[in-house]
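J.: Okay, here's the prediction I keep looking at, along with the sequence it came from:
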Amino acid sequence: MSFVLTNLSINMAPKTSTQYEEIREKRKRQIMNVAIELFASNGFSNTSISQIAAKAKISKGLMYNYYSSKDDLLKAIFDKGFGEMFEMFDPNKDGVLTRDEFIAFIEVSFDLMEQQRDFYKLYFALMMQPPVWKKLKIEMYEIIGPVIKLMMDYYQSKGVENPEMEAVLMGALLDGVGFNFVFNPEMFPLENLKKLIIERFV
């Protein structure tokens, strides 16, 4: 009996602020994962907060404790998704992109295409929905702009004739590979393409 009471008192002990934050972050990730799945399969406009809450097994009211709206949730998904990718771009944040850092970025990009296909499926689907893409376009350019600038500086240091177009081409190339892999993975050999891109463009 004393053992049971001891366990109860441990379980009922007040949680620390760190524990609350861990629980909150875990729940936010859960909601994001469910939202990515539903947005990717049903479309952003056809998915409601109620559907996300039901699949995440939380109340609709509680959803708003984590995200103020569906648009807010979508922006959080993209911040997290591209944050993971671009974290490897100039990882020491010295403003200079080295060849090794460039290669590491491409490798991480390809790994994420395989590991997070639903996220990339959502990304490409939203690009073809102007009203929805408009909500994200400015924020996306804020994220991607510094990356393109670092690529331009890298190509300029290598003596490339038109570093701006080379950087834009690299971005479009990665998008194109991702698009084709997401929607037709059996016919798109990522590993071989990754090696070819590194050989030709880095």
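T.: Nice, I can see it. Residues are numbered from 1 along each chain as shown.
J.: so which strand or helix has the residue nearest the centre of the chain?
T.: Using C-alpha atoms, centre = their mean, the residue of the chain that lies closest to the mean C-alpha position is G81, 1.0 Å off. For G81, the host element (DSSP states H and E) is helix 70-86.
J.: what comes up buried for that helix?
T.: Along helix 70-86, these residues count as buried under the neighbour rule (16 or more other C-beta atoms under 10 Å): K70, L73, L74, K75, A76, I77, F78, G81, F82, M85, F86. No exception for glycine: its C-beta is placed from N, CA and C like everyone else's.
J.: Break down the chain into its helices, ranges please.
T.: Shown for the chain, the helices assigned by DSSP state H span residues 2-11, 17-42, 49-56, 60-66, 70-86, 99-115, 117-127, 130-157, 163-183, 190-201.
J.: Tell me which of those approaches N92 most closely.
T.: helix 99-115 (8.1 Å; C-beta to C-beta).
J.: hang on, the earlier thing: give me the contact list for the helix holding G81.
T.: Contacts of helix 70-86 from elsewhere in the structure, counted by C-beta atoms under 8 Å, 6 or more residues apart in numbering, are 28, 31-32, 35-36, 39, 44, 47-49, 52, 67, 105, 108-109, 112, 116, 119, 122-123, 132, 135-136, 139-140, 143-144, 147.
J.: any idea how far it is from the chain center?
T.: 6 Å (C-alpha atoms, centre = their mean, to the nearest Å).
J.: now stretch 52-71
T.: 20 Å.
J.: what is the rounded mean pLDDT of that stretch?
T.: Model confidence over stretch 52-71, given as mean pLDDT, is 90.
J.: How is the chain partitioned into domains?
T.: The chain breaks down into these domains under automatic domain parsing: 1-67, 70-202.
J.: and those domains, which is most packed in?
T.: Of the domains of the chain, the one with the most neighbours on average (mean count of other C-beta atoms under 10 Å) is domain 70-202, at a mean of 15.
J.: that older thread, can you put the helices of the chain in a markdown table and add distance to N92?
T.: Written out in a markdown table, the entries for the helices of the chain read as follows (distance: least, C-beta to C-beta, whole Å):
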| stretch | distance to N92 |
| --- | --- |
| helix 2-11 | 43 |
| helix 17-42 | 26 |
| helix 49-56 | 37 |
| helix 60-66 | 33 |
| helix 70-86 | 14 |
| helix 99-115 | 8 |
| helix 117-127 | 26 |
| helix 130-157 | 12 |
| helix 163-183 | 20 |
| helix 190-201 | 20 |
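J.: Of the domains of the chain, which shows the lowest average pLDDT?
T.: domain 1-67 (a mean of 80).
J.: I figured M88 hits I106, correct?
T.: No: the pair formed by M88 and I106 falls short of the contact definition of C-beta atoms under 8 Å, at 9.2 Å.
J.: can I get the CA coordinates of the helix holding G81 in CSV?
T.: Below are the C-alpha coordinates for helix 70-86, written out as CSV (Å, rounded to 0.1, in the frame of the first residue of the first chain):
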residue,chain,number,x,y,z
LYS,A,70,-4.7,26.9,-40.0
ASP,A,71,-2.5,29.5,-41.7
ASP,A,72,-0.4,29.8,-38.6
LEU,A,73,0.0,26.0,-38.5
LEU,A,74,1.0,25.9,-42.2
LYS,A,75,3.7,28.5,-41.7
ALA,A,76,5.0,26.6,-38.7
ILE,A,77,5.2,23.5,-40.8
PHE,A,78,7.3,25.2,-43.5
ASP,A,79,9.5,27.0,-41.0
LYS,A,80,10.4,23.7,-39.4
GLY,A,81,10.7,21.7,-42.7
PHE,A,82,13.0,24.2,-44.4
GLY,A,83,14.8,25.0,-41.2
GLU,A,84,16.0,21.5,-41.0
MET,A,85,17.3,21.6,-44.5
PHE,A,86,19.0,25.0,-44.4
